[in-house]
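>>> Just need the structure, nothing else, for what follows:
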Amino acid sequence: MLRKIKDILKKNEDLLTLWHLARRAYFKYFFTDREFIKKEFKRRLGREVDLDNPFKFNDKLQWLKLNWQDPLAAKCADKYAVRKVVKERIGERYLNELYGVYDSVEEIDLDTLPEQFVLKCTHGSGFNIISRDKNRMDWKREFKKLRRWMRINYYWRTREWVYKDIKPRIICERYLEEPETGELRDYKIFCFNGQPRLIQVDFSRFTDHKRNVYDLNWNLKEVEIAYPFDKNVVIEKPEKLPEMLELSKKLSAGFPHVRVDFYYYKKRIIFGELTFFRGSGMQEVKPGEFEIQMGRWLKLPEQ
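Model prediction:
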């Protein structure tokens, strides 16, 4: 029944906005961060979270939400402000081309933009609009969507404190796509206390989403993180993987855990984003023993 209601809401932007506002108010005023995390974790993963003596990866991410704060992490979660950190730590050449930065939807002038580009809200996750041909886009609908996203404080959805005080803005970046596949693979490097350990590669996102996980020597791990893996899909090891790993060390230095994302486009490494609580720390890891191993890699800061 709840799924049917959500499907109806998705077809009506105004109702969807009201739904999100009501849901945010409910969780904001009736649940502390700890209460929200315990409730949402049980709903999504079907087990109780251990916030007092965590040893599994997902549980440790929840602990970090409640017990660790670093102003630099908040800056790195901002999809615009992070560009300065990237420039300082590894160099401007790894940044994607930026067409514009906007404080409101009204500032976006489509006439000045190329046919293809990507609009991203800087203060959350998944707030993206991809334009492959701007003349075929329903911009009235897309701008309405952007305005709704700009009103959302993503923190209240997930209790990921890194998003709480980010100024909502919109950035416009160059659109990237591999012509052979029609996709753009990004290489998500899981770093624990400044050391890369795993590389995640997603594929077939818009058809049958799958996710392969590799060790640093590009051996496929028989591991699922939210999506199934496919050992029959051959993903070539990027020629510049060693460079990616070195860059991930520099970008993750000083953080207990962060996922460093890169695109590999025409043999060029392009920075994607830094993610501190991937999937809000509530994506199932299979087998369970591997989640424990990931937990061992993550050394929590002392209180």
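>>> As a check, name the ranges of all strands in the stretch 1-150 of the chain.
98-102, 117-121, 128-131 (DSSP state E, counting those that start in this stretch).
>>> Would you reformat those as JSON lines and include distance to Pro54 and mean pLDDT?
Yep, even glycine has a C-beta here, placed from its N, CA and C like the rest. Formatted as JSON lines, the strands of the stretch 1-150 of the chain follow (distance: least, C-beta to C-beta, whole Å; pLDDT from 0 to 100):
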{"stretch": "strand 98-102", "distance to Pro54": "38", "mean pLDDT": "98"}
{"stretch": "strand 117-121", "distance to Pro54": "31", "mean pLDDT": "98"}
{"stretch": "strand 128-131", "distance to Pro54": "31", "mean pLDDT": "97"}
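>>> between those strands, which one is nearest to Phe36?
Among the strands of the stretch 1-150 of the chain, strand 117-121 comes nearest to Phe36, with 22.3 Å by C-beta to C-beta.
>>> Mind giving me the packing neighbours of that closest one?
Where contact means 3 or more C-beta pairs under 8 Å, 6 or more residues apart in numbering; DSSP states H and E, strand 117-121 is packed against strand 128-131, helix 139-150, strand 170-174.
>>> from those, which stretch is densest packed?
Ranked by mean neighbour count, the helices and strands packed on strand 117-121 are led by strand 170-174 with a mean of 19 (mean count of other C-beta atoms under 10 Å).
>>> so what secondary structure elements neighbour that strand?
strand 98-102, strand 117-121.
>>> Identify each buried residue in the first one, please.
Same thing as strand 98-102. Going by neighbour count (16 or more other C-beta atoms under 10 Å), the buried part of strand 98-102 is Tyr99, Tyr102.
>>> what do you get for stretch 229-245?
Neighbour counts over stretch 229-245 (16+ other C-beta under 10 Å) mark Phe229, Pro238, Lys240, Leu241, Met244, Leu245 as buried.
>>> can I get the helices and strands packed on strand 170-174 in JSON lines with distance to Arg141?
Putting the helices and strands packed on strand 170-174 into JSON lines (distance: least, C-beta to C-beta, whole Å) gives the following:
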{"stretch": "strand 98-102", "distance to Arg141": "18"}
{"stretch": "strand 117-121", "distance to Arg141": "13"}
